[in-house]
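Participant: need a 3D model of the sequence below.
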Amino acid sequence: MNFSLTQEPVIYTPRLELHHICANELFTLFETPESDSIYIGHTYSNPFRVLVDDKGPLPWRVPQVRENESVNKWFVRWIVLAETREIIGSTSFHGAPDQQGMIEIGLGLEEPFRNRGFGYESLLGMWQWVLTQPHVQMLRYTVSPDNAPSIALIKKFGFVRVGQQMDEVDGPEDIFEMSASEFRRDNPAT
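Facilitator: Predicted coordinates:
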């Protein structure tokens, strides 16, 4: 089966660019992460080896894309620091909106770039983009109850803790949600 090189448009924020990874590059990154071919034709580099040394969401996203390439639209984006053209992290929705219009996101930043507003900026850009897509009604973010920085980050947006779940890999996670209409009201596009 041939998979496409189609990429979603770049999401721009004041300091970041969120670059979508096409299906072919996603597979290469997962299967042969040392291959430089995934960077050819792009204007960024990966000196921090984001998603190379730690696969992050790739073990879940790659099989989903192999089964149905159209879901890749929602998946992995590099977080690129515009000033240096370096990849400093990644972000990905967990899938397309579900039947109730809920969509969940994950985020990872390299240590030197944490607690500098890049997480907030990345999430804001991703959520503003996803709210231009049809059927999105609810935004969700799950986080370990011990991860105080991520909890503080999500609370900055006004998300409310609605419960807890047990993740098979990460253990207990607090569930934070906000309706699309509340997010639009409280976080207008810039």
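
Participant: can you map out the strands along the chain?
Facilitator: Applying DSSP state E to the chain gives strands spanning 11-12, 16-20, 77-81, 86-93, 102-109, 138-143, 160-167, 171-179.

Participant: and of the ones you listed, who's closest to residue 51?
Facilitator: strand 86-93 (5.7 Å; CB to CB). The way it works is simple: take the backbone N, C-alpha and C, and place the C-beta from them, glycine included.

Participant: ok, longest helix in this structure?
Facilitator: Counting residues, the longest helix found in the chain (DSSP state H) is helix 118-130.

Participant: any residues touching it, and which ones?
Facilitator: Residues outside helix 118-130 that contact it (CB atoms under 8 Å, 6 or more residues apart in numbering) are 11-16, 18, 74, 77, 79, 81, 88-89, 91, 93, 103, 105, 107, 109, 136, 139, 141, 150, 153, 156-157, 183, 187, 189.

Participant: from these, list just the buried residues.
Facilitator: 11, 13, 16, 18, 74, 77, 79, 81, 88-89, 91, 93, 103, 105, 107, 109, 136, 139, 141, 150, 153, 157, 183, 187 (16 or more other CB atoms under 10 Å).

Participant: what's the neighbour count on residue 46?
Facilitator: 19 (other CB atoms under 10 Å).

Participant: if you could redo that for residue 166, that was the one I meant.
Facilitator: 8.

Participant: count the neighbours of the residue lying closest to it once chain neighbours are set aside for me.
Facilitator: Counting by CB to CB, 6 or more residues apart in numbering, residue 172 is the residue found nearest to residue 166 once chain neighbours are left out, at 5.8 Å. For residue 172, the count of nearby residues is 12 (other CB under 10 Å).
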